[in-house]
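# give me a 3D structure for the following:
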Amino acid sequence: DDMQPWTGSLVKHEGLFYLFYTMRNKADNGARQRIGLATSRDLDHWERHPGNPVVEPDPRWYTTAANADPGGVVDCRDLLVIRDPQNKGWLGFYAARTPKAGLAEGTVIAAVRSNDLLHWEHLPPAFAPSKYACLEVPDVYELNGKWYLTALAGNEYGNRGLFSDPRVIRGTIYAVAEKPEGPYREFTDDNVLMGGDMLTGYSCRTFMFNGVRRLFATHGNPVGPAVLSPPFELRTDARGHLRVAWSALSEGWRTRKLADSTQPPPPPLRNIPSHYRWTMPAGEWRLQQETYIGEAKAGWQCASLDVKSRNVEIQATVRLVEGAAAGLAWGPLLANGRGKDLILMLDAEAQCLRAATTPNFAETCARSFPVERGKDYRVRIFIRPPRFEMYIED
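This next block holds a predicted model:
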């Protein structure tokens, strides 16, 4: 237990905080993971449990030091502990691996049970999909009558084609069950809770606040340290698909209103040149009552509302009447005023939500989404550089 500790979870029971964490050891270069426990009464002063480790893989189901490849990793990390709704005990879930399985199919989420948070009995795997090279950072919770398990996955672990959305290369997947210990199964047509590129939507954990299940995630940062996301809400659709939704908690961060539909900036709107050399218009815009209507017959066109803020929330109803795509834009206020506007668009040609930068429309990220021409979409975006979020119908 002399290397950097890895992820776990914390619960409070009878006035004592139990912090479960992943133990790692320099003697084996961190290859033999175990679950350790530290306790505290004030969240400041901690004592390691003298009986550590409290959880090691059970060879009946999981890879252990005895049956691992020589020098190979023994997966036993990221323990998530919840109360067992069936009795007064506790259930735990951690990242493990089955022995004698190929890399690209052997990872599982193991299940354990305890009555005292100190002694743990192993159960069969809660989630054993036989398709992932790695699943980690699990979470388990009940929502709208079903139990959901989420875990981080990604192409870089040794797979490809993992996600129901082919545009995702790393993210948090979800599966559903009738009881907390599983077995959990993915929807064949939908398994992505949050995902995108290598920096998007990983290490998701949920919590209850004011009766609503909410989520935090780690967001990568291309120009600095990773950051914690704002709080999201979790919802389900009519089929039980799990969805990340906008949280009204962020309304408290607003400091001023830049523009609204009752007082729209009047025309003439400032057209943004689509090329830095030629300033001739690529399209035209007009204001019709409270609606901005733009048209670019053979190219693209943005209009500036001439409101400025580094961090901004924009809400609008967007309708693509015809053509390829339409959406909302945010400009980085470059000194020379040339391009690099971030366009967050409903792309009917590619059937996705797409983020791209002008003038080349190099794709930043995209998620599959059915876009219909002539339909109104309620779009909300947040810009907090270098992160952005885009929501459709919340």
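# only C-alpha atoms for contact and neighbour calcs from this point on.
Will do.
# any idea how far Ala65 is from Gly71?
9 Å (Cα to Cα, to the nearest Å).
# what's the answer for Arg160, then?
Arg160 is 28 Å from Ala65, by Cα to Cα.
# check Glu186 too.
30 Å.
# low-confidence stretches in the protein?
For the chain, the stretches with pLDDT under 70 are 266-272, 276, 333-339.
# tell me where it has helices.
Assigned by DSSP state H, the helices in the chain number zero.
# nearest the geometric middle of it, what residue?
Gly201 (2.8 Å; Cα atoms, centre = their mean).
# ok, that residue touching Val192?
No. Counting by Cα atoms under 8 Å, Gly201 does not reach Val192; the two are 10.2 Å apart.
# so what sits against both of those two?
Gly171, Thr172 (Cα atoms under 8 Å, 6 or more residues apart in numbering).
# give the contact list for Glu372.
With Cα under 8 Å, 6+ apart, Glu372 has these contacts: Leu320, Ala348.
# now it: phi and psi?
As for Glu372, its main-chain torsions (degrees, to the nearest 10) stand at phi -110, psi 130.
# distance of it relative to Leu91?
In terms of Cα to Cα, Glu372 sits 44 Å off from Leu91.
# with Pro5 instead?
Pro5 is 22 Å from Leu91, by Cα to Cα.
# more neighbours: the two, which one.
Leu91 (24 against 17; other Cα atoms under 10 Å).
# which residue, other than its chain neighbours, is closest to the more buried one?
Nearest non-adjacent residue to Leu91, counting by Cα to Cα, 6 or more residues apart in numbering: Arg113, 4.6 Å away.
# do the same with Trp330
Leu342 (5.2 Å).
# related to what we said a few turns ago, okay but the residue nearest to Leu91 is in contact with Pro124, surely?
No. Using Cα under 8 Å, Arg113 is not in contact with Pro124, being 10.8 Å away.
# what bridges to Arg233?
For the record, residue 233 is Glu, not Arg. Beta-bridge pairing of Glu233 under DSSP bridges involves Arg214, Ala245.
# that one touches Phe209, doesn't it?
No. Taking contacts as Cα under 8 Å, Glu233 lies outside contact range of Phe209: 10.0 Å.
# quick one: which of those two has more around it?
Neighbour totals were compared for Glu233 and Phe209, and Glu233 leads with 21 against 9 (other Cα under 10 Å).
# what about Asp139, how many neighbours?
25.
# skipping adjacent residues, who's closest to Ala175 in space?
Glu186 is the one closest to Ala175 (Cα to Cα, 6+ apart), at 4.3 Å.
# buried residues, stretch 348-364. List them.
By 16 or more other Cα atoms under 10 Å, the buried positions in stretch 348-364 come out as Ala348, Gln351, Cys352, Leu353, Arg354, Ala355, Ala356, Thr357, Thr358, Pro359.
# for Pro129, which residues are in contact?
Glu105, Val108, Arg185.
# ok, now how distant is Arg378 from Met390?
For Arg378 relative to Met390 (Cα to Cα), the value is 11 Å.
# quick one, which of those two is more surrounded?
The neighbour comparison of Arg378 against Met390 (other Cα under 10 Å) goes to Met390, with 21 against 14.
# just give me the neighbour total for the residue nearest to Ala175.
Neighbours of Glu186 using other Cα under 10 Å come to 19.
# list the contacts of it.
By Cα under 8 Å, 6+ apart, the contact set of Glu186 is Tyr174, Ala175, Val176.
# do Thr64 as well
So Thr64 contacts Glu56, Pro57, Asp58, Val74, Pro99 (Cα under 8 Å, 6+ apart).
# let's see it at 10 Å
32-33, 56-58, 72-76, 96-99 (Cα atoms under 10 Å, 6 or more residues apart in numbering).
# and for Met208?
For Met208, the contacting residues are Arg214, Leu215, Glu233, by Cα under 10 Å, 6+ apart.
# need the nearest residue in space to the second one, chain neighbours excluded.
Distances taken as Cα to Cα, 6+ apart put Thr206 closest to Leu215, at 4.2 Å, once the chain neighbours are dropped.
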